[in-house]
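Colleague: Have a look at this fold, sequence not included:
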């Protein structure tokens, strides 16, 4: 039997108050009740549960082992009631601050963002993007509400963090560069390491570069750029070979892009975007996360 469904909520509230304050009189003052009324409530709860909950004395009330076991269950139930109340009182108005670790994050979020704004016109999505920012740290400092990130740093245990979407990666170059160097559509890993590899690699953290060099167990001649757009422009201007998301390249509709296959090595590893936010976030953020998970078929 679920005793919470059988016990009067006022009795549980009286129990919670006595446990938190350590005495009948203090609990009565907290709940704006008389001490006799509160004492009666505790006795009624003990009768219904068939357990003694407190040993009362002049200095206060000491919880029994049964009370100690019961308290976290009751407190969790009250917390759920409060969260539910926040959801009911949410006006669907306000600002949600999104931290995006790359421009590509806003690229694949575009469709979702448009639909979200159509459904919730009074909620403003505010984008924060800088290639060198630590968005988990920004969450900790309350500078953003939600981080869409590439796992540059593991979130704390006070945050939810889930995989949002997987993206295939590819090496690519311009057809002009390929013709100049006798490349058709395949290249060996050895050849690849002889050309400049142009990428937005977050050299401050080396996250992307480290992962790809560890994957292929080799070093690349990297030209690091400040943005993904700068990388793309340099590759298309014939300065080397790029490394980026296939979906982004497909969206450019540029017939001068040549995707490259490695003839003697595996394809580049997929990358995973994650979403992080505090477990105790405002109801507005909870609404955003619910719609985000629904859009990406995560429920």
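Modeller: Cool, the structure landed. Only a predicted model underlies this, so the values are computations on that prediction, with no experimental measurement involved. Numbers count the residues shown, from 1 in each chain.
Colleague: SS state for the residue nearest to the spatial centre of the chain?
Modeller: The centroid of the chain falls nearest to residue 276 when counting by Cα atoms, centre = their mean (1.3 Å). Per DSSP: H, G, I helix; E, B strand; the rest coil, the secondary structure class of residue 276 is strand.
Colleague: Pull the contacting residues for it.
Modeller: With contact taken as Cβ atoms under 8 Å, 6 or more residues apart in numbering, residue 276 is in contact with 135, 136, 139, 146, 147, 149, 155, 159, 160, 161. All C-beta spots, glycine's among them, are computed from the backbone N, C-alpha and C.
Colleague: For the protein, give me the ranges with low pLDDT.
Modeller: 1-7, 80-91, 102-106, 130-133, 151-153, 201-207 (pLDDT under 70).
Colleague: quick one, domains of it?
Modeller: Residue ranges for the domains of the chain, per automatic domain parsing: 3-89, 94-167+272-295, 169-269.
Colleague: Roughly how far does the most far-flung residue of the chain relative to its centre sit from residue 18?
Modeller: Relative to the mean C-alpha coordinate of the chain, counting by Cα atoms, centre = their mean, the farthest residue is residue 58 (49.8 Å). Distance from residue 58 to residue 18, counting by Cβ to Cβ, to the nearest Å: 15 Å.
Colleague: which SS class is residue 15?
Modeller: helix.
Colleague: same thing with the one 10 residues further on?
Modeller: Classification of residue 25 using three-state DSSP returns helix.
Colleague: got it, and residue 182?
Modeller: coil.
Colleague: list the contacts for it?
Modeller: Contacts of residue 182 by Cβ under 8 Å, 6+ apart: none found.
Colleague: cool, and residue 70?
Modeller: Taking Cβ under 8 Å, 6+ apart, one finds 15, 49, 53 in contact with residue 70.
Colleague: so the last one makes contact with residue 43?
Modeller: Spelled out, it's residue 53. No: with contact defined as Cβ atoms under 8 Å, residue 53 does not count as touching residue 43 (9.4 Å).
Colleague: Among the two, which residue is more densely surrounded?
Modeller: A count of neighbours by other Cβ atoms under 10 Å puts residue 53 above the other of residue 53 and residue 43, at 21 against 15.
Colleague: Would you check how far apart the more buried one and residue 70 are?
Modeller: 7 Å.
Colleague: Now do the shared contacts for these two.
Modeller: residue 15.
Colleague: Next one: residue 277 from residue 40, what distance?
Modeller: Distance, residue 277 to residue 40, using Cβ to Cβ: 44 Å.
Colleague: Just give the number of residues close to residue 193.
Modeller: Number of residues near residue 193 (other Cβ under 10 Å) recorded here: 13.
Colleague: tell me the contacts of it?
Modeller: Contacts of residue 193 (Cβ under 8 Å, 6+ apart): 218, 219, 220, 221.
Colleague: can you do 6 Å?
Modeller: By Cβ atoms under 6 Å, 6 or more residues apart in numbering, residue 193 lies in contact with 218, 220.
Colleague: now the strands for the stretch 151-299 of the chain?
Modeller: Shown for the stretch 151-299 of the chain, the strands assigned by DSSP state E, counting those that start in this stretch span residues 159-167, 169-174, 186-187, 196-199, 221-224, 241-245, 257-262, 271-278.
Colleague: Out of the ones you listed, which is the most enclosed?
Modeller: Of the strands of the stretch 151-299 of the chain, the one with the most neighbours on average (mean count of other Cβ atoms under 10 Å) is strand 241-245, at a mean of 24.
Colleague: Partner strands of that one and their direction?
Modeller: Using DSSP bridges, strand 241-245 pairs in its sheet with strand 169-174 (antiparallel), strand 196-199 (parallel).
Colleague: ok, residues contacting the longest one?
Modeller: Residues from elsewhere that reach strand 169-174 (Cβ under 6 Å, 6+ apart): 235-236, 238, 241-243, 246, 249, 256-260, 268, 271.
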